[in-house]
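In: Sequence and predicted structure below; questions after.
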Amino acid sequence: MSARLLAVITPGDEAAALAGFAGLVTLARAAEAEVRLAYFRDLPAPRVDRHDRTVADTDTEMARIASVATRALGSAARVFADVKMETAVRFGKPRREVPIEAEVYAPQIVVLFSAAGLLSRFRTWALRRRLARRPSSRMLVLEPPRRNSSSATAPPGRSERRGVWGAISGAPHVAKRRELLPGRRD
């Protein structure tokens, strides 16, 4: 039996998932795993026109979104034909549906994608906490590479060591940054 890998794609992280697709395939090749690309989305509202007439009900919208997502994931998966991949689209709250999918599919590795924004990282963190209750699978978060956000005032490598939470809280570091600026007088 080959290993199973579950790749979780949530709303807002689609671009990060496509950017990290090569890393996902490299991981699948190394583990000789079959991959399930699972796209999770909230239930869509019925589509209405400007006169509030229903153009497409929830079921029709779900079918449209599922076909678009399956087509997009399938075209990305066809590039890497040597790895066995299947796609799944699930509707509902991702925080509830992802653990259910992980329980049903029973993967050895769960891969989460996270975009660069703080909200996306928080959602990924919350999903990781829910999935951590399932000890039989490992988790991996694929993030896009960070741009060098260190300013000229910070010593090289300092912002990478602090991470995003240290950069946000930053109060103790403000005084040190001012000392490093030559010729600046407060």
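Out: Thanks, I have the structure now.
In: Point out where the chain drops to low pLDDT.
Out: Across the chain, the ranges flagged by pLDDT under 70 are 1, 134-135, 145-186.
In: how about the helices in it?
Out: 14-19, 21-31, 58-78, 94-105, 118-131, 158-169, 171-180 (DSSP state H).
In: can I see the domain layout of the chain?
Out: Taking automatic domain parsing as the domain assignment, the ranges for the chain are 3-142, 148-186.
In: ok, and which of these has the densest surroundings?
Out: domain 3-142 (a mean of 16; mean count of other Cβ atoms under 10 Å). Using the backbone N, CA and C atoms, a C-beta is placed for each residue, glycine as well.
In: And it, end to end?
Out: One end of domain 3-142 sits 19 Å from the other (Cα to Cα, to the nearest Å).
In: just stretch 110-124 next, same as before
Out: 12 Å.
In: Which residues does it contact?
Out: 5-10, 12-13, 15-17, 20, 24, 27, 94, 102, 127-128, 131, 137-144, 146, 164 (Cβ atoms under 8 Å, 6 or more residues apart in numbering).
In: same deal with stretch 37-56?
Out: 6-11, 57-58, 60-62, 64-65, 69, 73, 77, 85-94, 97-98, 101, 105.
In: May I have it as CSV, with CA atoms only?
Out: Output in CSV follows, covering the C-alpha atoms of stretch 37-56 (Å, rounded to 0.1, in the frame of the first residue of the first chain):
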residue,chain,number,x,y,z
LEU,A,37,-6.3,17.6,-3.7
ALA,A,38,-9.2,18.7,-1.6
TYR,A,39,-10.7,22.2,-2.1
PHE,A,40,-12.9,23.4,0.7
ARG,A,41,-15.4,26.2,0.3
ASP,A,42,-18.3,27.7,2.3
LEU,A,43,-21.8,27.0,0.9
PRO,A,44,-22.4,29.6,-1.8
ALA,A,45,-25.4,32.0,-1.6
PRO,A,46,-27.9,31.8,-4.5
ARG,A,47,-26.9,34.1,-7.3
VAL,A,48,-29.4,36.8,-8.0
ASP,A,49,-29.7,39.5,-10.7
ARG,A,50,-30.1,43.3,-10.0
HIS,A,51,-33.9,42.8,-9.5
ASP,A,52,-33.4,40.2,-6.8
ARG,A,53,-34.6,37.3,-9.0
THR,A,54,-32.8,34.0,-8.4
VAL,A,55,-30.5,33.2,-11.4
ALA,A,56,-28.9,30.2,-9.9
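In: Make 178 the first number, not 1, from now on.
Out: Okay, residue one is now 178; in that scheme the one you just asked about reads as stretch 214-233.
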